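J.: Any chance you can model this:
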Amino acid sequence: MDRLLRYFLGQFVRHGVLSVTTASGAKFTCGDGAGQPVSVRFRTEAAERWVLLDPELSLGESYMDGTFVVENGSIADALAILMDQPDMLPRWAKPQWLLRYLGRHIWQFNPRGRSRRNVAHHYDLDGRLYSLFLDADKQYSCAYFETPDATLDDAQLAKKRHLAAKLLVRPGQRVLDIGSGWGGLGLYLAEMTGADVTGVTLSTEQLQVSNTRASEKNLSQSARFLLEDYRDIPGPFDRIVSVGMFEHVGVDFYETFFRRCAELLTDDGVMVLHSIGRSTGPDVTSPWIEKYIFPGGYIPALSEVMPAIEKAGLLVCDMEILRLHYAETLKAWRERFMARREEAVRLYDERFARMWEFYLAASEMSFRKQNMMNFQLQLTKRQGVVPITRDYIGQEEARLRGIEQRARPRLQLAGE
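T.: Predicted structure coming up:
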């Protein structure tokens, strides 16, 4: 087993310095010697065997089980090396990738019942877990770092402001927030723009928090949150926004999603979709992420999204690619989680804490080292609905920033 491990890891790890100690105590080093060295250890031959047979699934499982450990550095450091190689996937793992690609429509088939179960798996966890690492507003999506030294809270506020500017929301307009999370964006739109907001979620935990927050801020009349599937909500709406939800739709439901949005949107309406995307074409969800974190989830390539938009009769008015913003968001989440890791262990157990640590680190490195990004698409049903230049985005952001300053005491109370 030692020889096999040395051979296959040596073939894959060409950049960086990865020192490996096997279960039998043998040691070897892979890479070209560049950068900070990272040392890892396999504690069992079974872990070595499974990592060779199915690295995309078994590396994370071995870390969760404690049979693969990082002795010098962190799991984030180890994944930074492993995910920064010439081949994104070890050559010996490509047959498993092909089988998963052929079966991806089965795993991404998300009718209403399955969608609810998938959402509950992740978003109905103990709410105290998310408080360990999210910002005060519990924004669980890519932040928008206007400056390199922006705090996580500032960057998440900037994200909401940026989206609101693209929506061009006016007082009294009806806004639908598809996948409304813990209500932060919907409450922002209601408070800062005077919109009438309806948020829909499939998470009972998020629903309760959202409506409680609306009541505490005296916004229940202008911001309501429903346990509802986007396919069932009645319209129409002047504005539609969806942040971090499209990754749960599934490739077979893209046409359904955009057609329903087109049905719900008024003729002069504006929609903004914010989603994780991949830059290198269709792929498959990491089997470890699929099994432990986001069952039924899939990160789309733009080439998979655009045809569904066209078939729905929607026009793309603006597209923005956020490249490293999510890497910085995930770094902040990971550092905050690690600072309060013992609390996560008390909430669940050590294995869960290692799982969450691996999830945040692997996600960060997929944006920092590989092909992941975020895209924001602005959609309308006809031409002439939004200005012909992008200057209005900055102007709207400046206007909203002024409103935020006047409302700052209320915003601070809402974040407590």
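J.: Residue 319: what's it in contact with?
T.: When contacts are counted by C-beta atoms under 8 Å, 6 or more residues apart in numbering, residue 319 touches 375, 376, 377, 378. The C-beta positions use only the backbone N, C-alpha and C, and glycine is treated the same way.
J.: Okay, and the beta partners of the first one?
T.: This points to residue 375. Counting by DSSP bridges, residue 375 forms beta bridges with residue 275, residue 321.
J.: Let me know the closest of the contacts of residue 319 to residue 47.
T.: Using C-beta to C-beta, residue 375 is the member of those that lies nearest residue 47, at 37.1 Å.
J.: The closest one reaches residue 322, doesn't it?
T.: Yes - at 7.3 Å, residue 375 counts as touching residue 322 under the criterion of C-beta atoms under 8 Å.
J.: who has more neighbours, those two?
T.: The residue with more neighbours, out of residue 375 and residue 322, is residue 322; 22 against 19, by other C-beta atoms under 10 Å.
J.: separation between the more buried one and residue 158?
T.: Taking C-beta to C-beta, to the nearest Å as the measure, residue 322 falls 11 Å from residue 158.
J.: Common neighbours of those two, please.
T.: Taking C-beta under 8 Å, 6+ apart as the contact rule, residue 322 and residue 158 both touch residue 144.
J.: Count residues in the vicinity of residue 66, would you?
T.: For residue 66, the count of nearby residues is 13 (other C-beta under 10 Å).
J.: Same check on the one 5 residues further on?
T.: Neighbouring residues of residue 71 were enumerated by other C-beta under 10 Å; the total is 11.
J.: Pretty sure it sits in a helix.
T.: No - membership of residue 71 in a helix is not supported by DSSP: H, G, I helix; E, B strand; the rest coil, which gives strand.
J.: Just give the closest residue to it, not the sequence neighbours.
T.: residue 39 (4.6 Å; C-beta to C-beta, 6 or more residues apart in numbering).
J.: So which residues make contact with the longest helix along the chain?
T.: Secondary structure of the chain per DSSP state H: the longest helix is helix 391-415. The contact list for helix 391-415, computed with C-beta under 8 Å, 6+ apart, reads 135-137, 153, 157, 161-162, 164-166, 168, 187, 191-193, 213, 216-217, 386.
J.: Quick check on the residues you listed: which are buried?
T.: 135-137, 153, 157, 161-162, 164-166, 168, 187, 191-193, 213, 217, 386 (16 or more other C-beta atoms under 10 Å).
J.: and those, which of them are in helices?
T.: Among the buried ones among the contacts of helix 391-415, the members falling in helices (DSSP H) are 153, 157, 161, 162, 164, 165, 166, 187, 191, 192, 193, 213.
J.: Could you point out the member of those residues that lies closest to residue 14?
T.: Looking across these and measuring by C-beta to C-beta, the closest to residue 14 is residue 162, at 38.4 Å.
J.: Contacts only, for that closest one.
T.: Contacts of residue 162 by C-beta under 8 Å, 6+ apart are 144, 376, 393, 397.
J.: And what about the residue lying closest to the first one once chain neighbours are set aside, helix, strand or coil?
T.: The shortest distance from residue 144 to any non-neighbouring residue, by C-beta to C-beta, 6+ apart, is to residue 159 (4.0 Å). Under the three-state scheme (three-state DSSP), residue 159 adopts helix.
J.: picking up where we left off before, and the ones in helices among the buried ones among the contacts of helix 391-415, which is closest to residue 317?
T.: Nearest to residue 317 among these is residue 166, at 9.1 Å by C-beta to C-beta.
J.: residues contacting that closest one?
T.: Each residue near residue 166 by C-beta under 8 Å, 6+ apart is listed here: 270, 272, 318, 376, 378, 393, 396.
J.: Isn't residue 129 up against residue 345?
T.: No - under the criterion of C-beta under 8 Å, residue 129 makes no contact with residue 345, lying 11.0 Å away.
J.: Identify the residues contacting the helix or strand residue 330 falls within?
T.: Element membership for residue 330 (DSSP states H and E) is helix 325-339. Helix 325-339 has contacts (C-beta under 8 Å, 6+ apart) with 76, 132-134, 142-145, 152, 155, 276, 344, 356-357, 360-361, 363-364, 367-368, 372-374.
J.: Tell me which of those residues fall in strands.
T.: In strands, judged by DSSP state E, the following of the contacts of helix 325-339 are found: 276, 372, 373, 374.
J.: that older thread, who's more crowded, residue 129 and residue 345?
T.: More neighbours surround residue 129 than the other of residue 129 and residue 345, with 18 against 14 (other C-beta under 10 Å).
J.: Which secondary structure state does residue 271 sit in?
T.: Residue 271 - assigned by three-state DSSP - is strand.
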